[in-house]
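Colleague: structure for the following, please:
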Amino acid sequence: MADLFDSGNSVSPSDAAVARPGPLADRLRPATLQDVIGQRHLLGTDGALTVMLHGQMPSLILWGPPGVGKTTIARLLAAQADLHFVQISAIFTGVADLRKVFEIARNRRVNGTGTLLFVDEIHRFNKAQQDSFLPHMEDGTITLVGATTENPSFELNAAVMSRAQVLTLERLTLRDMELMMQRAEKELGIKLPLSGDAREALQEMADGDGRALLNLTEQVAAWGATDTIDRDTLSKRLQRRAAQYDKSGDAHYNLISALHKSVRGSDPDAALYWLGRMLRGGEDPRYLMRRITRMAVEDIGLADPQAQAFCLQAWETYERLGSPEGEQSLGNAVVYLALAPKSNASYTAFKAAMKQAGETGSEPPPKHILNAPTQMMKDQGYGTGYQYDHDQADGFSGQNYFPDDMKRPVYYVPVDRGFERELGRRVDWLVDQRAKRGKG
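Modeller: The predicted structure follows:
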């Protein structure tokens, strides 16, 4: 174990920039933080990491998608802060391994050298394993730099989060990837024989992942082609890399949020795009239909009472046809909802009523609306004074149906859109009649 933690996966600061033969991604690993492509919000002149390096380096959680430089940045931070770099993976490291890491780091500290412990996939550690870092972070034995592709606020202990600063890394832009390809071509000593469209297609295939881009670049270079390769030829020769999508991870919640907000924002094109992204990523269409129906209930409401029924019919259509034919019914549903008039008036009213019901849960109904199946209940006034609405000329009695001691609230306020415009007129009439009959 000592060899694992002291030799194979650790380097001294002076070794950080030593070039090693190997895959293109390793050969192009930056030698300084200034050489890192992307993440200018962290590494620019006034970037958060740049500022941190002027003082005592804190423990960090680097949160971002794959292939954006988390490991590279951690390694270079160790070199810049003059700390011994040790790398472990939460997937392959157990409690006994962690104890060994901490023991070696403690001995190293006694000899005057600090340790930057880089933990890849830190969210994979359970609570007990995460807790084991705390005393060593507090006494300075280690400076922890954890890397995760998952939202730290969901996956990491509050105690770890309170002792580390979370930095968000962004997926690489097409401009970043063009710069990376130029560096790769310089390292390989060739210019890839790609048309402009094909070059852009290659970068799109990498989906913001620098490591994937370099692997694809190396693969194309190995073809030894002399004629220009166009987009179609490139697509045939390469298996298009699936976009990053984890049905139980952060991308899942980000994409369903994007779909929901596109529908709410009445943008059918954006709604179809995010729906396509999720279906392409392997999302369960039944989960999507549940969420789409929820959008009809929450964001369309009574502005278009048919929206909910339309979604249920689309759901039934999918169940009958299955994938992929039935997926068009999901597309129909999101277009319908995106173009429907919007109202969350009934949704807001329901939440307000639920909240007040919880606060006044012991208040009894007024006696005039209680049934009186026994004589004793009649003697206590149950049902006395109740007015049967159908006996009224206009079908409305105007009686009070709230608890006697409760001030009448207003939950439902219709919007002046779609069918709810008509409901608003009805509500106004009822309020007016209730006021008149109350005074009478």
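Colleague: distance from stretch 412-420 to the middle of the chain?
Modeller: 32 Å (C-alpha atoms, centre = their mean, to the nearest Å).
Colleague: tell me the mean pLDDT over that stretch?
Modeller: Average pLDDT, stretch 412-420: 92.
Colleague: in stretch 159-178, which residues are buried?
Modeller: Val160, Arg163, Ala164, Leu167, Leu169, Arg171, Leu172, Asp176, Met177 (16 or more other C-beta atoms under 10 Å). From N, CA and C alone the C-beta is placed, and that goes for glycine too.
Colleague: give me the domain ranges for this protein.
Modeller: As given by automatic domain parsing, the domain ranges for the chain are 2-168, 174-237, 250-339, 363-439.
Colleague: for Lys355, which of the ones you listed is the nearest?
Modeller: domain 363-439 (9.6 Å; C-beta to C-beta).
Colleague: tell me the gap between that closest one and the middle of its chain.
Modeller: Using C-alpha atoms, centre = their mean, the offset of domain 363-439 from its chain centre is 45 Å.
Colleague: please begin residue numbering at 349 from this point
Modeller: Sounds good: first residue 349 from here, last item domain 711-787.
Colleague: gap between the most centrally placed residue in the chain and Trp411?
Modeller: By C-alpha atoms, centre = their mean, the mean C-alpha position of the chain lies nearest to Asn602, the distance being 3.2 Å. Noted for Asn602: a distance of 13 Å to Trp411, by C-beta to C-beta, to the nearest Å.
Colleague: repeat that for Gly733.
Modeller: 64 Å.
Colleague: the more surrounded of these two?
Modeller: Trp411 (23 against 10; other C-beta atoms under 10 Å).
Colleague: for Pro500, give me its contacts.
Modeller: Ile409, Trp411, His471, Met509, Val514 (C-beta atoms under 8 Å, 6 or more residues apart in numbering).
Colleague: assign the first one to helix, strand or coil.
Modeller: This points to Ile409. When classified by DSSP: H, G, I helix; E, B strand; the rest coil, Ile409 comes out as strand.
Colleague: that one reaches Val514, doesn't it?
Modeller: Yes. Between Ile409 and Val514 there is a contact under C-beta atoms under 8 Å: 4.6 Å.
Colleague: what's the single longest helix in the protein?
Modeller: helix 768-787 (DSSP state H).
Colleague: now that one - C-alpha only, CSV.
Modeller: Provided in CSV are the C-alpha atoms of helix 768-787 (Å, rounded to 0.1, in the frame of the first residue of the first chain):
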residue,chain,number,x,y,z
GLU,A,768,-59.9,31.0,-17.1
ARG,A,769,-61.0,34.4,-18.3
GLU,A,770,-64.6,33.0,-18.2
LEU,A,771,-64.0,31.4,-14.8
GLY,A,772,-62.8,34.8,-13.6
ARG,A,773,-66.1,36.4,-14.6
ARG,A,774,-68.0,33.7,-12.8
VAL,A,775,-65.9,34.2,-9.6
ASP,A,776,-66.6,38.0,-9.8
TRP,A,777,-70.3,37.4,-10.0
LEU,A,778,-70.2,35.0,-7.1
VAL,A,779,-68.3,37.4,-5.0
ASP,A,780,-70.8,40.2,-5.8
GLN,A,781,-73.8,38.0,-5.1
ARG,A,782,-72.3,36.7,-1.8
ALA,A,783,-71.7,40.2,-0.7
LYS,A,784,-75.3,41.2,-1.5
ARG,A,785,-76.9,38.2,0.1
GLY,A,786,-74.7,38.5,3.2
LYS,A,787,-75.9,42.0,3.7
